[in-house]
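K.L.:
Return atomic coordinates for the entry below.
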Amino acid sequence: MPTKINLIKTQFNSFVAAYDSDAENMRKVNKFKVYECSISAPRNQSFHRKGMCLFNFIYKYWGKDAGFPSFDIMRKHITKAVGFVDEYKICGKWYREAKSLAFASMDDIEFSQLYDAVRNYGINALRITGETFNEQLGGEYGREMVHNSEHIEERF
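P.N.:
Predicted coordinates for the structure are as follows:
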């Protein structure tokens, strides 16, 4: 069974263990042996929660009035409307489905693009200015909600 170790890349172009448990696992690995690894950065959970708060805000102030019987139906509608879809073909017919927001389906960069597109969609749906949208969203969920998502790592 493969061992999972969280690493941090240093300025010297090498990797060090991120946590004590990872250092312990690294001690078990033989020195001077070649290992195959796959590198991936874990999704930013705080940013994911921020995105879900954005969808909740839009649902609260627009979704019910727009006739959506559930949050999930509205979320899928908006996700498709802003162009984040998976397309597949069954029996010669093409289908478009809202892209999953699951960590395995979307990295932070793509989620950031989705967040910005959904924010713009919300501004248009609520027919308010971006400033008013930010004030209402920030008042409801906290000031960190109003910032643009360009510098995710600096905010979380």
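
K.L.:
Next, name the residue at the spatial heart of this protein.
P.N.:
Nearest to the mean C-alpha position of the chain, counting by CA atoms, centre = their mean, stands Phe111 at 3.8 Å.

K.L.:
quick one, what contacts it?
P.N.:
Contact analysis of Phe111 by CB atoms under 8 Å, 6 or more residues apart in numbering lists 43, 47-48, 51, 101. Where you see a C-beta, it was placed from the backbone N, CA and C, and this is true even at glycine.

K.L.:
where exactly do the helices run in this structure?
P.N.:
Here the chain has its helices, by DSSP state H, at 20-27, 45-58, 71-81, 108-126, 130-141, 152-155.

K.L.:
Make CSV out of the ones you listed and add distance to Ile8.
P.N.:
Formatted as CSV, the helices of the chain follow (distance: least, CB to CB, whole Å):
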stretch, distance to Ile8
helix 20-27, 9
helix 45-58, 18
helix 71-81, 33
helix 108-126, 17
helix 130-141, 31
helix 152-155, 13
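
K.L.:
Now mean pLDDT and distance to Gln11 too, for these, in CSV please.
P.N.:
Below are the helices of the chain laid out as CSV (pLDDT from 0 to 100; distance: least, CB to CB, whole Å):
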stretch, mean pLDDT, distance to Gln11
helix 20-27, 90, 19
helix 45-58, 90, 25
helix 71-81, 96, 39
helix 108-126, 93, 22
helix 130-141, 84, 36
helix 152-155, 35, 17
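
K.L.:
closest to Asn13 out of those?
P.N.:
Nearest to Asn13, of all the helices of the chain, is helix 20-27, at 17.3 Å by CB to CB.

K.L.:
From the contact counts, what lies against the closest one?
P.N.:
strand 15-17 (3 or more CB pairs under 8 Å, 6 or more residues apart in numbering; DSSP states H and E).
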